[in-house]
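**Student:** Need the 3D shape of this:
(4 chains)
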Protein chains: 2
Amino acid sequence: MSSRLKETFTGGGGPRGAAAPSGPLAPAAAPAPAPAALTAKVRALAPTMTRSMQRVAETVAADPAGCAALTVTGLAARTGTSEATVVRTARVLGYPGYRDLRLALAALAAQQAAGRAPAVTADIAVDDPIADVVAKLAQEEQQCLADTAAALDPVQLDAAVAALVAARRVDAYGIAASGLVGQDLVQKLLRIGLIAHAHTDPHLAVTNAVQLRPGDVAIAITHSGRTIDVIEPLRTAFDQGATTVAITGHPEAEVAQYADLVLTTSTARESELRPAAMSSRTSQLLVVDCLFVGVAQRTYATAAPALSASYQALAHRHDPRPGH
Amino acid sequence: MSSRLKETFTGGGGPRGAAAPSGPLAPAAAPAPAPAALTAKVRALAPTMTRSMQRVAETVAADPAGCAALTVTGLAARTGTSEATVVRTARVLGYPGYRDLRLALAALAAQQAAGRAPAVTADIAVDDPIADVVAKLAQEEQQCLADTAAALDPVQLDAAVAALVAARRVDAYGIAASGLVGQDLVQKLLRIGLIAHAHTDPHLAVTNAVQLRPGDVAIAITHSGRTIDVIEPLRTAFDQGATTVAITGHPEAEVAQYADLVLTTSTARESELRPAAMSSRTSQLLVVDCLFVGVAQRTYATAAPALSASYQALAHRHDPRPGH
DNA sequence: TCACTCTTTGAAAGGTATTTTCAGTCGTGG
DNA sequence: CCACGACTGAAAATACCTTTCAAAGAGTGA
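**Tutor:** Residues are numbered from 1 along each chain as shown, chains lettered A, B, ... in the order given. As a prediction, the model looks like this:
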C-alpha cells in the first residue's frame, strides 16, 4: 500500500475539473511559463489552493520584484509558511520548482519596469530623485536624436558634405554651447586632414570671414537662428562668395537668409530645469557627426590613414598599463 | 606566501574612497545590478577579463535568455570553461554570484522580448548613402544614451552633486573632445552661480590644481581613463584633499585611483568611421547634464533666478525680429 | 634559452539553497 | 469520541553554487 509516490503536481485538473475549457485536446500542456500570465494564473488557481499556498501565491503576485530577491527560506518566512509550501505553490503555478518560479518573477518584474518606463517623459521636477533625473534626461535626449534624424534633409546634408570635401578652408561660428559644437566639428575635420577653424570671438570671426573666397565653407551654429554674433560673420562669408551653411533649430529665422544650405535641428520643448542648450546641443552634435562621417566617407583614401595616424601620435599620452 | 585571501571582487574603492556618503566600504554597495546595462558592462569590462572570462561574458551577453536557463555547470560546459570561471565572471560583472547573474539574465531577456526590435546597428560602411549614415548614427547614439543611463550609479552621482553644491571652487580637466565636455559643464555651472573653470592645458591644469583645498571639487573627463594629461591634475587635486570625480568609460583604469567618485560612461563598440570620440562624448554629456540638473535642483532658490537672469542678459545679442 | 614569477584555470572539496520525505496537526463527518 | 484524510512544516536528501588549491600557462629577466 505504501505507494512511493512523490508529491508531484503535474497541473492536471482533478477528476471533477473536467469542464475542460481548453477544448478536446490541449496539446500545450504547460508550454512556456509565460511570466506575464502569472497574475492571471494566480487568480485562476487560487481557489484550488490551500490557505498557505494562497498566501504564497498572493505575495508573489503582489510583489514579483521583491520576491525574486528572496530564497525559498526567505519567502517561506515572509509568508509565514515553510519551504515545502513555497515549492508546492511553485509547482501548482506551473514551474518545475521554486528556482524557475524565481526566474520568472525576475522576468516579470523587468517586464513591468520596462512597461512603465515610457511614462517618464514628464518634466523634471525640483524634487525628483537623481535616478529619475537620469532617466528623464536620457529619454528626452533620445527623443531629440530621433526627431533630428527624422527632420534632417539628406539633400542639404549631402550638399554640405560635398562643399566641405571641396573646400580650401572651413570656418565655423558658434557662441557658448554652440561654440563647443563648432569646436567639436573642427576637431574632427582636422583629424582627417581638412583645414578648419572654430571662432567664438565675434570680431575675430568677422575678421576671418573676410578672408574667405568662393569654394570655402562657412558654418554658423545657432539654435535660435537669431544670434547676431554668429549671423554677422556668416553674412560676411556669404558676401565673400563662400558656401555658407547654417545649423539651426529655426530655419525660418534670420540666419537662413545668409545660408546656402540649412541643416535643421530639432526643437525640443524645454523647461526651467532643462534649458534649450541641452537638447539643441544634442541635435547639433548629431548633425556635426553626420557631416564628419560624410566627409570621411568621401575622402576615405586619405581620411582612414589620417585617423589612425592621429591615434598613433597620441598613444604616448596614455599610460600604457592596462587595468588597475 | 599563502595569503589567505579569498577570491573576492568587491569592485572599485579608491585608496581614499571616504568621500562616498555610504561609508568606507558600503556593505550594500551592490548598486542594483540593472539588467539593461549588462551588454554595456560586458563591453566596458571585457578588456580587464581573462580569455575564459571573456568567453563566458560574451556568451551571456549574446544570448541572455538561453543562458538564464542554464545552471553554473551548464554554462561552464557551454563555454568550455569551469564553474569557477563562470562565478568569477559573474563577480566581475558586479553580481554577488552566479545566482544573481542568472536572475539578471532572465530579467534582461524579458525586457528584450517585451521591448521592440533589438535593432542591431550595422557598422557604417564607406558606401552608405547619407540617409543611412544619419539613421545609423542616431540609432547608435540613442543606444549609447540608454546604456549610460542604465549603467550610471545614482549613489555616486548624488554624491558628486552634493560635492559640487558644497564646493568653493570647481575645476574640470579634459583634453580634445573631452575638453569640450568639460567646458560644457563649466558653462552650465557658471550660469547657476558656481565658480568653475575648465582646463585643457595640462601644465596650467596642474598649476591650478595645486590651489585646490578640501571642499573643492576636481573633475577629470577621459574616456580611456588613461590620459596622462588629465590624470596628473586630478592626482594633484587628490593630493591637495579636494573631492575628485572621474567621468570615464573605463572605471578600472588608472584615473579611478585618484577619484573619490567615479561616474561610468558607456563604452560603445567603435568602428573605423565611427571613432570612440563620438559615443563617449554623447555619454559624457549625459553625465554632465545630470550633474547640472542635480546641482540646479539642490540650489533651486538661487539657480532659477540666475538662469533667467543670464537669459535676459543675452537678449540684446539676438535679433529681435521674429521670422525673416 | 632557461629559470623564475605571476597569472590563469579547472577539479574537487565545501557550503547553501532547493527539493523531498515523513510524521504531526487540524478539521470534518460519522 | 473516534476515524480519516487533507494540510503543514521540520528535517533529511539532493542539487546547485562557491571556494580552495594545485597545476598549467604566460610573461620577464638573466
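**Student:** Can you name the residues in contact with the strand or helix carrying residue A:139?
**Tutor:** Per DSSP states H and E, residue A:139 falls inside helix A:130-151. Applying C-beta atoms under 8 Å, 6 or more residues apart in numbering or on different chains, the external contacts of helix A:130-151 come out as A:117, A:120-124, A:128, A:264-266, A:268, A:274, A:278-279, A:282-283, A:286-287, B:134-135, B:137-138, B:141-142, B:145-146, B:148-149, B:152, B:154, B:157-158, B:161, B:286, B:289-290, B:293-294, B:297. Glycine gets a C-beta too; all of them are placed from N, C-alpha and C.
**Student:** Report the buried residues of it.
**Tutor:** A:130-131, A:133-149 (16 or more other C-beta atoms under 10 Å in any protein chain shown).
**Student:** And stretch A:147-166, by the same measure?
**Tutor:** A:147-149, A:152-154, A:156-161, A:163-164.
**Student:** quick one: which of these sit in helices?
**Tutor:** Counting by DSSP state H, the buried residues of stretch A:147-166 place A:147, A:148, A:149, A:154, A:156, A:157, A:158, A:159, A:160, A:161, A:163, A:164 in helices.
**Student:** and which of those residues is nearest residue B:91?
**Tutor:** residue A:149 (39.2 Å; C-beta to C-beta).
**Student:** Can you tell me how far that closest one is from DNA strand C?
**Tutor:** Look at residue A:149 and DNA strand C: by C-beta to the nearest atom of the strand, to the nearest Å, they are 41 Å apart.
**Student:** same thing with residue A:223?
**Tutor:** 48 Å.
**Student:** Quick check: that residue vs DNA strand D, distance?
**Tutor:** 51 Å.
**Student:** I'd assumed that residue was in a helix, is it?
**Tutor:** No: read with DSSP: H, G, I helix; E, B strand; the rest coil, residue A:223 is coil and lies in no helix.
**Student:** Count the residues that sit near it.
**Tutor:** Look at residue A:223: counted by other C-beta atoms under 10 Å in any protein chain shown, it has 25 neighbours.
**Student:** Nearest residue to it in space, please, no chain neighbours.
**Tutor:** Nearest non-adjacent residue to residue A:223, counting by C-beta to C-beta, 6 or more residues apart in numbering or on different chains: residue A:280, 3.8 Å away.
**Student:** element containing the closest residue to residue A:265 other than its chain neighbours?
**Tutor:** Of all residues not flanking residue A:265 in the chain, residue A:283 sits nearest, at 3.5 Å (C-beta to C-beta, 6+ apart). In the assignment (DSSP H and E), residue A:283 maps to helix A:276-298.
**Student:** quick one, that helix and helix B:130-151 angle?
**Tutor:** Angle of helix A:276-298 versus helix B:130-151, following axes from the mean of the first three to the mean of the last three C-alpha atoms, to 10 degrees, is 130 degrees.
**Student:** Give me the nearest residue to residue A:109, chain neighbours excluded.
**Tutor:** Closest to residue A:109 by C-beta to C-beta, 6+ apart is residue A:65, at 3.7 Å.
**Student:** And chain B, is stretch A:75-84 touching that?
**Tutor:** No: contact of stretch A:75-84 with chain B (C-beta under 8 Å from any C-beta of the partner chain) is absent, the minimum separation being 14.0 Å.
**Student:** So which residues make contact with that stretch?
**Tutor:** Counting by C-beta under 8 Å, 6+ apart, A:52, A:55, A:56, A:59, A:60, A:67, A:70, A:72, A:73, A:85, A:86, A:98 sit against stretch A:75-84.
**Student:** would CSV of those with secondary structure and pLDDT be doable?
**Tutor:** Below are the contacts of stretch A:75-84 laid out as CSV (DSSP: H, G, I helix; E, B strand; the rest coil; pLDDT from 0 to 100):
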residue, secondary structure, pLDDT
A:52, helix, 85
A:55, helix, 88
A:56, helix, 90
A:59, helix, 89
A:60, helix, 88
A:67, helix, 90
A:70, coil, 91
A:72, helix, 92
A:73, helix, 91
A:85, helix, 92
A:86, helix, 92
A:98, helix, 94
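**Student:** Nearest to residue A:210 among the buried residues of stretch A:147-166?
**Tutor:** residue A:163 (19.4 Å).
**Student:** Could I get the contacting residues of that closest one?
**Tutor:** A:217, A:243, A:245, A:260, A:261.
**Student:** got a pLDDT number for the first one?
**Tutor:** Yep, that's residue A:217 we're talking about. Looking at residue A:217, its pLDDT is 97.
**Student:** Give me the phi and psi angles of it.
**Tutor:** The phi/psi pair for residue A:217 (degrees, to the nearest 10) reads phi -130, psi 130.
**Student:** who does it bridge with?
**Tutor:** residue A:170, residue A:243 (DSSP bridges).
**Student:** Next, count neighbours for it.
**Tutor:** Neighbour count of residue A:217, defined by other C-beta under 10 Å: 26.
**Student:** Could you measure from it over to chain B?
**Tutor:** Distance, residue A:217 to chain B, using C-beta to the nearest C-beta, to the nearest Å: 17 Å.
**Student:** That residue contacts residue A:170, doesn't it?
**Tutor:** Yes: using C-beta atoms under 8 Å, residue A:217 is in contact with residue A:170, at 4.8 Å.
**Student:** Return every residue with contacts to both of the two.
**Tutor:** Joint contacts of residue A:217 and residue A:170 (C-beta under 8 Å, 6+ apart) are residue A:164.
**Student:** Is it correct that residue A:213 falls within a helix?
**Tutor:** No: Residue A:213: not assigned to a helix; according to three-state DSSP it is coil.
**Student:** Just the mean pLDDT for stretch A:109-125, thanks.
**Tutor:** On average, stretch A:109-125 scores 67.
**Student:** Kindly check the end-to-end length of that stretch for me.
**Tutor:** 26 Å (C-alpha to C-alpha, to the nearest Å).
**Student:** again, but for stretch A:92-102
**Tutor:** So stretch A:92-102: terminal residues 14 Å apart, C-alpha to C-alpha.
**Student:** Who are the contact partners of residue A:174?
**Tutor:** Contacts of residue A:174 by C-beta under 8 Å, 6+ apart are A:180, A:181, A:182, A:183, A:198, A:199, A:200, A:220, A:221, A:222, A:230.
**Student:** Please apply the same query to residue A:185.
**Tutor:** Here residue A:185 is in contact with A:172, A:196, A:198, A:219, A:288, A:291, A:292 (criterion: C-beta under 8 Å, 6+ apart).
**Student:** Can you get me the centre-to-centre distance for the helix or strand where it lies and its chain?
**Tutor:** Assigned by DSSP H and E, residue A:185 falls within helix A:176-191. Centroid separation for helix A:176-191 versus its chain: 23 Å, with C-alpha atoms, centre = their mean, to the nearest Å.
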